[in-house]
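> Have a look at this fold, sequence not included:
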Ligand code: ADP
Ligand code: GLC
């Protein structure tokens, strides 16, 4: 049994902006089920304090860079027996709004201070310096918000081995040098082989430079981030790590209990591969929810997403507009929030095609499940996608994903083309170029295959047979921990 401290700024169901939260709950639970002593550390956001009933103070620490002592609270991750520690600094985390900014958008001005404090707390816990009498063998950090922790302990004797997982290289935690000075970080960390990135402080580099091993969330993304196109200037460093054998891609798993059409309490009619015809009832339910004509022969496209450029929202909008102009028999049901311009574009499209488009701007877990269950295909034309979870949920719900062949999308979907179709291996639709035309072409292929129910049904069943549970992927993490 290993002792693993798992550090993340989001953990489902306590705080979530995206897939990081899902992984930060489901991976620790999977490791726990494999007999590991894994504990999670998360900031004590207001939402966590409100959601958790069983919560107590287990330590009080003074951390560098902040004048007040800070409490460590202890609770349990809901629906599990995983110990959860929360960094309780009300000034930094107990406020109305999201993890990284106010609800109306933008970032909190003190994010550098908030996540430097979080990283310092992680480092202190990792070195067993807070009086909890528990020292991990492995510190597993996730994304830039935890990036300073590996840097802070890198040179300390008897430190745990460190793993840093990149969930999204696009968010790096970059701040002016003045922030570095204000945070009172060790000056020895300020150089180009350290936290400095072209005169800026990079939290991400803390994880990339100072951890013993870097992982990212799919094999293809691990290759992609070593290239100019996807590397954001860090491709040189990442390529070096890859050559040293210190960068690997491990495909995310999903929580098969939470995302299971057979038991899903959020959906209208539960179904399995055996009763897949019942999926129809969920289609009618979602059409009704969005006030769309309840037609079985219409291909319903689902889209659930943060509305940002990464997700290719503009490609979806353009391709669908083209298809609607051409009179294709499709409907789009969409749930998302993010950049105001995309939100507005979606509303405009809805106004233009009220019997073809359903839009819900917001965040709604139950509706996300209902769309997964009710749609025929799921749209994910991402410009880049480190892993992507929604295509995995879609496969499990027999909702065929249409994806751009990048990152984890490339690694998890088998295109309905040539031999794949003939051999019954196809699970979705893939295209290469990040253009509306390429997406439209894939959509056309889906529209015509939808007219061939026997082939379509076979694809749905093949998709539902795929197993992307954590069973396999958590083994890769365990092997990695052992090797360190
Ligand atoms: P990312 O983390 O880049 O946003 P992922 O596909 O890994 O992409 O994970 C997205 C997660 O967030 C999924 O669990 C998805 O269902 C959820 N999600 C995204 N937007 C919404 C929304 N508006 N309402 C409910 N869930 C959402
Ligand atoms: C990030 C990525 C997404 C990935 C998720 C969980 O948010 O954008 O592709 O699935 O992290 O690893």
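Okay, I see it. Please read these numbers as outputs of a predicted model, since none were measured by experiment. Ligands and ions are numbered 1, 2, ... in the order given.
> For the stretch 251-400 of the chain, which segments count as strands?
299-307, 330-338, 357-361, 377-380, 400-404 (DSSP state E, counting those that start in this stretch).
> These into JSON lines, with extra columns for mean neighbour count?
The C-beta positions use only the backbone N, C-alpha and C, and glycine is treated the same way. As requested, those are arranged in JSON lines below (neighbours: other C-beta atoms under 10 Å):
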{"stretch": "strand 299-307", "mean neighbour count": "24"}
{"stretch": "strand 330-338", "mean neighbour count": "22"}
{"stretch": "strand 357-361", "mean neighbour count": "21"}
{"stretch": "strand 377-380", "mean neighbour count": "26"}
{"stretch": "strand 400-404", "mean neighbour count": "27"}
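> got these as JSON lines, with mean pLDDT columns?
Output for the strands of the stretch 251-400 of the chain, formatted as JSON lines (pLDDT from 0 to 100):
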{"stretch": "strand 299-307", "mean pLDDT": "97"}
{"stretch": "strand 330-338", "mean pLDDT": "97"}
{"stretch": "strand 357-361", "mean pLDDT": "98"}
{"stretch": "strand 377-380", "mean pLDDT": "98"}
{"stretch": "strand 400-404", "mean pLDDT": "98"}
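> of all these, which lies closest to residue 434?
With C-beta to C-beta as the measure, strand 400-404 is the member of those nearest residue 434 (6.1 Å).
> in the least confident helix or strand in the chain by mean pLDDT, what counts as buried?
Least confident helix or strand, the chain: helix 418-422 with a mean of 93, by mean pLDDT, DSSP states H and E. Neighbour-count burial for helix 418-422 flags 420, 421 (criterion: 16 or more other C-beta atoms under 10 Å).
> now whichever helix or strand comes after it, how far from the centre of its chain.
Sequence-wise, the next helix or strand downstream of helix 418-422 (DSSP states H and E) is strand 429-431. Centre-to-centre, strand 429-431 and its host chain are 21 Å apart (C-alpha atoms, centre = their mean, to the nearest Å).
> touching ligand 1 at all, stretch 208-219?
No. Using C-beta under 6 Å from any ligand atom, stretch 208-219 stays clear of ligand 1, coming no nearer than 8.1 Å.
> what mean pLDDT would you report for that stretch?
Stretch 208-219 comes out with an average pLDDT of 98.
> How about stretch 191-199?
97.
> go on, stretch 426-443?
So the average pLDDT for stretch 426-443 ends up being 98.
> now swap in stretch 261-277 and tell me
Rounded mean pLDDT across stretch 261-277 is 98.
> Point out where the stretch 101-250 of the chain drops to low pLDDT.
Within the stretch 101-250 of the chain, no stretch has pLDDT under 70.
> Excluding residues flanking it in the chain, which one is nearest residue 86?
residue 44 (3.7 Å; C-beta to C-beta, 6 or more residues apart in numbering).
> Where does the stretch 1-150 of the chain get nearest to ligand 1, which residue?
When scored by C-beta to the nearest ligand atom, the stretch 1-150 of the chain has residue 19 as its residue closest to ligand 1, at 2.2 Å.
> and what of the stretch 101-250 of the chain?
Closest point on the stretch 101-250 of the chain to ligand 1, by C-beta to the nearest ligand atom, is residue 168, at 6.3 Å.
> what's the spacing between stretch 450-463 and its chain's center?
The mean C-alpha position of stretch 450-463 is separated from the chain mean by 28 Å, C-alpha atoms, centre = their mean.
> Show me which positions of that stretch end up buried.
For stretch 450-463, by 16+ other C-beta under 10 Å, it's 450, 456, 459, 460, 462, 463.
> who in the stretch 201-350 of the chain is up against ligand 1?
Residues of the stretch 201-350 of the chain lying close to ligand 1 (C-beta under 6 Å from any ligand atom) are 304, 305, 306, 335, 336, 337.
> Tell me what the last one is bridged to.
Pointing back at residue 337 there. On the basis of DSSP bridges, residue 337 is bridged to residue 306.
> Contact partners for it?
Contact analysis of residue 337 by C-beta atoms under 8 Å, 6 or more residues apart in numbering lists 306, 307, 343, 361, 362, 363.
> Please repeat the previous calculation with a cut-off of 7 Å.
307, 343, 361, 362, 363 (C-beta atoms under 7 Å, 6 or more residues apart in numbering).
> cool, the third one as well?
Remark: with contacts taken as C-beta under 7 Å, 6+ apart, residue 306 is in contact with 18, 336, 338.
> Between the residues you listed, which sits nearest residue 400?
residue 336 (19.7 Å).
> Make sure that closest one is actually in contact with residue 308.
No. Using C-beta atoms under 7 Å, residue 336 is not in contact with residue 308, being 9.3 Å away.
> Check the gap between residue 328 and residue 452 for me.
Here the criterion is C-beta to C-beta, to the nearest Å. By it, residue 328 lies 16 Å from residue 452.
> To clarify, my last question referred to residue 363.
Taking C-beta to C-beta, one finds residue 363 at 36 Å from residue 452.
> Quick check, the residue of the stretch 101-250 of the chain closest to ligand 1 in contact with residue 386.
Yes. Using C-beta under 7 Å, residue 168 makes contact with residue 386 at a distance of 5.3 Å.
> who's more crowded, the two?
residue 386 (29 against 21; other C-beta atoms under 10 Å).
> wait, doesn't that one sit right on residue 219?
No. Using C-beta under 7 Å as the test, residue 386 is too far from residue 219 to be in contact (11.1 Å).
> Give me the residues contacting the least confident helix or strand of the chain.
414, 426, 455.
> Could you find the closest non-adjacent residue to the one residue in the chain that gets nearest to ligand 2?
Residue nearest to ligand 2 within the chain (C-beta to the nearest ligand atom): residue 19, separated by 2.9 Å. Distances taken as C-beta to C-beta, 6+ apart place residue 389 nearest to residue 19, at 4.4 Å, with adjacent residues excluded.
> The one you found - how many residues pack around it?
Residue 389 is flanked by 24 other residues according to other C-beta under 10 Å.
> got it, and residue 293?
So residue 293, with other C-beta under 10 Å, has 10 neighbours.
> wait, what's in contact with it?
Taking C-beta under 7 Å, 6+ apart, we find residue 293 in contact with 287, 355.
> would you turn the contacts of helix 418-422 into CSV with distance to residue 251?
Output for those, formatted as CSV (distance: C-beta to C-beta, whole Å):
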residue, distance to residue 251
414, 14
426, 19
455, 27
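> Nearest to residue 147 among these?
residue 414 (34.9 Å).
> Ramachandran angles for the closest residue in space to that closest one that isn't next to it in sequence?
Nearest residue to residue 414 in three dimensions, chain neighbours excluded: residue 427, at 4.7 Å (C-beta to C-beta, 6+ apart). In terms of degrees, to the nearest 10, the main-chain angles of residue 427 are phi -130, psi 0.
> since we're on residue 427, how many residues are nearby?
Neighbours of residue 427 under the rule other C-beta under 10 Å: 25.
> any chance of the strands of the stretch 251-400 of the chain in CSV, plus distance to ligand 2?
Converted to CSV, those look like this (distance: least, C-beta to the nearest ligand atom, whole Å):
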stretch, distance to ligand 2
strand 299-307, 8
strand 330-338, 12
strand 357-361, 20
strand 377-380, 10
strand 400-404, 11
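> Can I get those in CSV including distance to residue 127?
As requested, these are arranged in CSV below (distance: least, C-beta to C-beta, whole Å):
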stretch, distance to residue 127
strand 299-307, 35
strand 330-338, 38
strand 357-361, 45
strand 377-380, 41
strand 400-404, 42
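> Go through those and name the closest to residue 347.
That would be, of these and by C-beta to C-beta, strand 357-361, which comes in at 6.2 Å.
> Now do the closest one against strand 299-307, angle only.
20 degrees (axes from the mean of the first three to the mean of the last three C-alpha atoms, to 10 degrees).
> Done for today, thanks.
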